[in-house]
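Trainee: Sequence and predicted structure below; questions after.
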Amino acid sequence: MDDQFLVTCPYCGEQIEIYVEPDVYVHKVGDEYVIGLTPHLRYDFATGTRLVPFLDGGAGVTATSIGPPDMSGTFEFNLQANVGAYWFVRDHLAFTGEAGYMHMSCAGIHHPNLGANKSSS
């Protein structure tokens, strides 16, 4: 994909995948929105087989219309952690399975700072 690239770690020589993921979520109650942009780092474990597991993490910014008492305001930060695997059918074609966790909060800039959490698979 054009929005992804690999860099080589200067310490271990392994390749690390870097990409930016636009996150768009719709809150399930009413007409509330959540939209954000999160740069991610992904480490692919080279197994020498068709199965390639990975770890993924990112931190970004989020805008939301969800207000108090659940969120403090429009601007929030988000942290994400994911685990998954690629199953390569051919050299450049793979099925991907992934499970993840996301936390959104204002990092104490405003009050209340209750935040919100989301898990996905």
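Mentor: It's in. Residues are numbered from 1 along each chain as shown.
Trainee: Number of residues surrounding the spatially closest residue to V7 that is not a sequence neighbour?
Mentor: Excluding the flanking residues, the one nearest V7 by Cβ to Cβ, 6 or more residues apart in numbering is I16, at 5.5 Å. All C-beta spots, glycine's among them, are computed from the backbone N, C-alpha and C. Residues near I16, counting by other Cβ atoms under 10 Å, number 14.
Trainee: Surely I16 is in contact with A46?
Mentor: No: applying Cβ atoms under 8 Å, one finds I16 not in contact with A46, separated by 11.8 Å.
Trainee: since we're on L93, how many residues are nearby?
Mentor: When neighbours are defined as other Cβ under 10 Å, L93 has 9 of them.
Trainee: And it, how far from F45?
Mentor: L93 sits at a distance of 19 Å from F45 (criterion: Cβ to Cβ, to the nearest Å).
Trainee: Then S65?
Mentor: As judged by Cβ to Cβ, S65 and F45 stand 39 Å apart.
Trainee: Sketch out the low-pLDDT regions of the chain for me.
Mentor: Residues of the chain meeting the criterion pLDDT under 70: 1-5, 14-15, 20-29.
Trainee: Neighbouring strands - and their directions - for the strand ranked longest in it?
Mentor: The longest strand of the chain (DSSP state E) is strand 75-90. Strand 75-90 sits in its sheet next to strand 51-64 (antiparallel), strand 93-105 (antiparallel), going by DSSP bridges.
Trainee: just the ones you listed: most buried one?
Mentor: Among the strands paired with strand 75-90, the stretch with the highest mean neighbour count (mean count of other Cβ atoms under 10 Å) is strand 51-64, at a mean of 17.
Trainee: List the contacts of it.
Mentor: 17, 21, 23, 27, 32-47, 71, 74-88, 94, 98, 100, 104 (Cβ atoms under 8 Å, 6 or more residues apart in numbering).
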